[in-house]
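Visitor: got a predicted model here, sequence first, then my questions.
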Amino acid sequence: MHFFKPKQLIPCLLISSIFFVLLLITSCTNAKNEAPVQVAVFQAEKGVGASSEDLLVALGAAEDIKLSVTRITSDEIRAGKLVDIDVLVHPGGSGGGQGRDLDTLGREAVREFVRGGGGFLGICAGAYLATNDYPWSLNLIDAKVVDRKHWARGKGVVVIEFSPEGAEFFNYEYEEMMIYYGQGPLLARREWDDPEVPNYESLAIYSTEIAEKGAPEGVMVGNSALVRTEYGKGRVFCFSPHPEMTEGLGYMINIAVDWLSAAN
């Protein structure tokens, strides 16, 4: 019968211990990777439009990222419920309605959430909300809204032009894309003026326009349609148009959510 000598046993025990530690690390890493991204879509009686349903459909169709999607109200935000969330989404509707519903304490809670490492996704009204241009703004991006007087300039399909970084971000092989526009903000590309609010990176600009209801022509083209920035330890992404309301473009929402969640 063969017996291990002590000097033979020690290396075997050491190898077994190392293997166990590596197995434990791998298991923990896999568990972390499998944990879904916690996404909360803002909900309010006033300020949130029907496009939020399209947004939920787009989020539910995510393939390359595992999501757990819920709704969240201003009362819950003020009560500290954002602590359990990775990405907060403010959908289309009315930026002023959503901002006023949050009230001062709610708006500060959202800023603190992003500042601490959370992600903020603003779509149309949510993009208005993210600017620093209104009393109810969240001041997450140093952006002014061009031609505020004619914000209700009409709805329809427009063309946006990607920057090289924008095309790469969305893995899009063309320079231009047709997308539905629902009177989202024309984010100014002029010199930023607030040192307390982060400047943004423009990933796409409008290359065609809608100028109805008295809105002047020649204003929309050239202004930012898709922007992103970092705010404290967190991230902010804004769509002025509606990919979730454009056939075949819902995936863009989930790419943005994936990028936003990477800040955690």
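Guide: That came through, no problem.

Visitor: so, low pLDDT: which residues of the protein?
Guide: 1-33, 189-193, 264 (pLDDT under 70).

Visitor: helices of that one, start to end?
Guide: In the chain, the helices defined using DSSP state H lie at 6-34, 51-60, 74-78, 95-115, 125-130, 164-169, 251-261.

Visitor: which residues touch the last one?
Guide: Read it as helix 251-261. Contact partners of helix 251-261, identified using C-beta atoms under 8 Å, 6 or more residues apart in numbering, comprise 37, 39, 55, 58-59, 61-65, 67, 86-87, 89, 119-121, 123, 169-171, 228, 234-237, 239, 243-244. (Glycine included, C-beta is placed from N, CA and C.)

Visitor: and those, which of them are buried?
Guide: For the contacts of helix 251-261, a burial check counting by 16 or more other C-beta atoms under 10 Å picks out 37, 39, 55, 58-59, 62, 67, 86-87, 89, 119-121, 123, 169-170, 228, 234-237, 239, 243-244.

Visitor: so G116 sits against A263, correct?
Guide: No. G116 lies out of contact with A263 (C-beta atoms under 8 Å); the separation is 9.7 Å.

Visitor: got any residues that touch both of those two?
Guide: Common neighbours of G116 and A263 (C-beta under 8 Å, 6+ apart) are K233, G234.

Visitor: so between these two, which is more surrounded?
Guide: Neighbour totals were compared for G116 and A263, and A263 leads with 20 against 15 (other C-beta atoms under 10 Å).

Visitor: distance of that one from L129?
Guide: Distance of A263 to L129, computed by C-beta to C-beta, to the nearest Å: 19 Å.

Visitor: with P243 instead?
Guide: From P243 over to L129 (counting by C-beta to C-beta), the distance is 18 Å.

Visitor: what about A130, how many neighbours?
Guide: So A130, with other C-beta under 10 Å, has 33 neighbours.

Visitor: and it, how far is that from V37?
Guide: Using C-beta to C-beta, A130 is found at 20 Å from V37.
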